[in-house]
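Participant: Have a look at this prediction, sequence included:
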Amino acid sequence: MKKILVADDEEGIRILYKEELEEEGYEVKVAANGKETLELLNTFLPDLVILDIKMPDINGLDILQRIRTMFRDLPVILSSAYPEYQQNLATWASDAYVVKSSNLANLKAAVKKNLGA
Amino acid sequence: MPELRKDPIVGRWVIISTERGKRPTSFKMTERPAVAGGFCPLCPGNEDKTPPEVYALRRDGSKHDTPGWTLRVVSNKFPALVIEGSLKKQGEGMYDKMNGIGAHEVIIETPHHGGSLSQLDLKAFEDVLWAYRERIVDLEKDERFRYVLIFKNHGVEAGASLAHSHSQLIALPIIPKSVMEEMEGSKNYYKYKDRCVFCDIVHQELDDKIRVVVENDDFLAITPYASRSPFEIWLLPKKHSSSFVNISPAEYISLASIFQDVLSRIEVALDDPPYNFTLHTSPFNELINDYYHWHFEIIPTLSKIAGFEIGSGFYINPTPPEEAATFLKEIK
């Protein structure tokens, strides 16, 4: 079973993503901040990360930099409520950028594409 | 007493402080915000993290989308406008709309992460200018596009999000309003005087000398009479030329030389300030004409636009362009 780490400071998003992705057959763990994200990266060893950008302790783009230093080819999907971040070229270190929405079709498609499913 | 000065092309008014202006040291940045570091998607070896290249210079025969390039142009990975589709222009009641079609590309100017345009060797700088030309010529073939805007953001405060030196290009299905205003202003001046307004600026500035920063046989760098911002610089061809794509190979060398000189002077005088530059050239539907004159505008990000500027369209410039030119001229 492919493992997905969801990092988001909004509890509602963590619950929604976890439920929906588990229904799709993935094993999902969630992190509420940057520190938890970095810990789970090394203990959970996910196959894919869904990463929020605005988080309280460490900015998602900084976490992305750290992920790339540790796991160059680990698929990372940025998920943000702010489409303007797309113009930030630091997002290019990710594999996909999905604007948050109650409809998870785009997110699920990006997950499938990046897990090669 | 401050002066109100009028830009002769678009009629924009600027308030210039003619008393003792802010000197370069007044603008030196004490704290420099960090640009994202660490992993760089623009560096050689990370070509798989960018979209496929649409143009590259490879002198070692290396393959597409692999290391070995000296300059690389790729589409924006997460573009605001998309390249595929039709414009589908339509009305929505009294409003107009069309599909968000456009091309957004990133010109990676050097494979070296820490390099800046001013530090490139002259040939590499010339290559950047040629890349601008080649991409404009290619995108001009697409009938949906009316204009290609080339610009560079240098430094976080000027909008750069990666330290790796790059510029950007956006091909648009419409002519931007600011370009339209320049074209209309130039046409009106030509109708009235039968001369190109930019050619007149070049002649007058060469006579007056007080706003000339540097010149060579083909180009002139000036701080414009109605500068919007401290240390604003325009880089103009001395002889009339309406389109950037039509200049000669020798002129590209000459342009690279003066452009690099100007950027170095700004960096030394203002301690590597954030800046933006934009290429202003004729739209595709009127490439060759007698009234418009392509040029680059370089604007260091030294002042903030606030309510007055937004509400009035006026700019307040605390450094008279004559003083800025004197400072920059003295830089060796």
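Facilitator: Nice, thanks for sending it over.
Participant: Can you tell me the element the residue nearest the centre of chain A falls in?
Facilitator: The centre of chain A sits closest to A:Ile50, judged by Cα atoms, centre = their mean, with a distance of 1.0 Å. If you go by DSSP states H and E, A:Ile50 is part of strand A:48-52.
Participant: buried set for that strand?
Facilitator: Neighbour-count burial for strand A:48-52, counted by 16 or more other Cβ atoms under 10 Å in any protein chain shown, picks out A:48-52. In this view, the C-beta of every residue, glycine as well, is placed from N, C-alpha and C.
Participant: again with stretch B:293-309
Facilitator: With burial defined by 16+ other Cβ under 10 Å, the residues of stretch B:293-309 counted as buried are B:293-303.
Participant: that older thread, any chance of a markdown table for the buried residues of strand A:48-52, columns distance to B:Leu57?
Facilitator: Listed next are those as a markdown table, based on distance: Cβ to Cβ, whole Å:
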| residue | distance to B:Leu57 |
| --- | --- |
| A:Leu48 | 35 |
| A:Val49 | 35 |
| A:Ile50 | 37 |
| A:Leu51 | 34 |
| A:Asp52 | 38 |
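Participant: Grab the two from these that are most spread out in space.
Facilitator: Among those, the pair separated by the greatest distance (Cβ to Cβ) is A:Leu48 and A:Asp52, at 14.5 Å.
Participant: List the residues that contact the nearest residue to B:Ile247 once chain neighbours are set aside.
Facilitator: Once flanking residues are discounted, B:Ile247 sits nearest to B:Ser241: 5.9 Å by Cβ to Cβ, 6 or more residues apart in numbering or on different chains. Shown in contact with B:Ser241 (Cβ atoms under 8 Å, 6 or more residues apart in numbering or on different chains): B:247, B:293-294.
Participant: Let me know the distance separating B:Ser241 from B:Tyr95.
Facilitator: From B:Ser241 across to B:Tyr95, the span is 38 Å (Cβ to Cβ, to the nearest Å).
Participant: thinking again about what came up before, nearest to B:Asp218, of the buried residues of strand A:48-52?
Facilitator: Closest approach between those and B:Asp218, by Cβ to Cβ: A:Leu51, at 49.6 Å.
Participant: Below-threshold pLDDT in chain A: ranges please.
Facilitator: Scanning chain A with the threshold set as pLDDT under 70 gives A:117.
Participant: low-scoring pLDDT stretches of the stretch 201-332 of chain B, where are they?
Facilitator: Counting by pLDDT under 70, the stretch 201-332 of chain B contains no low-confidence residues.
Participant: so which residue of it comes closest to chain A?
Facilitator: B:Asn276 (14.3 Å; Cβ to the nearest Cβ).
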